[in-house]
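Q: I'll drop the sequence and a predicted model, then ask my questions.
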Amino acid sequence: AQSVTQLGSHVSVSEGALVLLRCNYSSSVPPYLFWYVQYPNQGLQLLLKYTTGATLVKGINGFEAEFKKSETSFHLTKPSAHMSDAAEYFCAVSEETSYDKVIFGPGTSLSVIP
Amino acid sequence: EPEVTQTPSHQVTQMGQEVILRCVPISNHLYFYWYRQILGQKVEFLVSFYNNEISEKSEIFDDQFSVERPDGSNFTLKIRSTKLEDSAMYFCASSALGGRQETQYFGPGTRLLVL
């Protein structure tokens, strides 16, 4: 079955340090990939998405992700963490046999240490 | 910026009771969805809705669940007879168009607790 895995359920970084959140997916068709962020007591907000074309995708709040087909990965990065980046991050992929369904990873909780 | 809204933010109910979760999608969106997240687990797709009918549903979405767009703005999820295992965060989402590459915009969720 199609799946999304996120290595590390909790990641802590120092303020100003590089943020790297890992995501691997499985798909037998060209994937459409998403990163969502959930701040405390809020809904899921789209950070960025990959559909086709350029494999390095830039999103909001300084985040970017690179689609690597050979590694079936879509890792999320940000050069310099800010306190306001503390949140839950979800990687997701469009289900390959579905028109509507999105499959989510388990999420990574990011803590930023001052 | 337009956003999806959901009411109530929290709902506590007794097992066996009916609950209706309400959502107001983004106004020019045509496709609507419900997802749920049981505490500590993944966000799971429940159902999609377009043109006043269900487009797709998961195996979770059994006869106890129904969806409706009763007027031009609201989109509701009804659970007829709640079970303890229905306790979860329920997210509504909408998109302008359908399709695998479309962005689904999520509401803040309704946390349902079944006692």
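A: Nice, thanks for sending it over. Numbering: from 1, shown residues only, chains lettered A, B, ... in the order given.
Q: can you tell me which residues in chain A are near chain B?
A: Chain A comes close to chain B at residues A:32, A:34, A:36, A:41-46, A:49, A:51-52, A:90, A:92, A:94-96, A:98-107, as judged by C-beta under 8 Å from any C-beta of the partner chain. C-betas here are computed from N, CA, C, even on glycine.
Q: residue contacts, the spatially most central residue of chain B?
A: Residue closest to the average C-alpha location in chain B (C-alpha atoms, centre = their mean): B:W34, at 3.1 Å. Residues in contact with B:W34 (C-beta atoms under 8 Å, 6 or more residues apart in numbering or on different chains) are B:L21, B:C23, B:L46, B:V47, B:V67, B:L77, B:Y90, B:F91, B:C92, B:A93.
Q: quick check: the last one vs chain A, distance?
A: Meaning B:A93. Taking C-beta to the nearest C-beta, to the nearest Å as the measure, B:A93 falls 8 Å from chain A.
Q: next one: that residue from A:K58, what distance?
A: Separation of B:A93 from A:K58 (C-beta to C-beta, to the nearest Å): 23 Å.
Q: swap in the fifth one?
A: Note on B:V67: its distance to A:K58, by C-beta to C-beta, is 35 Å.
Q: and if you look at the second one?
A: Between B:C23 and A:K58 the distance is 30 Å, computed by C-beta to C-beta.
Q: ok, those two, which is more surrounded?
A: For B:C23 versus A:K58, the count of surrounding residues by other C-beta atoms under 10 Å in any protein chain shown is larger for B:C23: 25 against 11.
Q: wait, that one touches B:G107, no?
A: Yes - judged on C-beta atoms under 8 Å, B:C23 makes contact with B:G107 at a distance of 5.9 Å.
Q: identify the contacts common to those two.
A: Common neighbours of B:C23 and B:G107, counting by C-beta under 8 Å, 6+ apart, are B:V4, B:T5, B:Q6, B:C92.
Q: out of the residues you listed, who's nearest chain A?
A: Ranked by distance to chain A (C-beta to the nearest C-beta), the shared contacts of B:C23 and B:G107 are led by B:V4 at 7.0 Å.
Q: who touches the closest residue to the closest one other than its chain neighbours in this structure?
A: In space, and not counting its chain neighbours, B:V4 is closest to B:G107: 3.7 Å by C-beta to C-beta, 6 or more residues apart in numbering or on different chains. Residues in contact with B:G107 (C-beta under 8 Å, 6+ apart) are A:G43, B:E3, B:V4, B:T5, B:Q6, B:C23, B:F91, B:C92, B:A93.
Q: near chain A, which residues of chain B are found?
A: Residues of chain B lying near chain A (C-beta under 8 Å from any C-beta): B:4, B:6, B:31, B:33, B:35, B:41-45, B:48, B:55-56, B:58, B:91, B:93, B:98-101, B:103-109.
Q: the same query, at a cut-off of 6 Å, please.
A: Residues of chain B lying close to chain A (C-beta under 6 Å from any C-beta of the partner chain) are B:42-43, B:45, B:48, B:55-56, B:98, B:100-101, B:103, B:106-109.
Q: dump those residues into TSV; add pLDDT as well.
A: Shown next, in TSV, are the residues of chain B next to chain A (pLDDT from 0 to 100):
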residue	pLDDT
B:K42	89
B:V43	93
B:F45	94
B:S48	95
B:S55	93
B:E56	93
B:G98	85
B:R100	81
B:Q101	83
B:T103	88
B:F106	93
B:G107	93
B:P108	91
B:G109	94
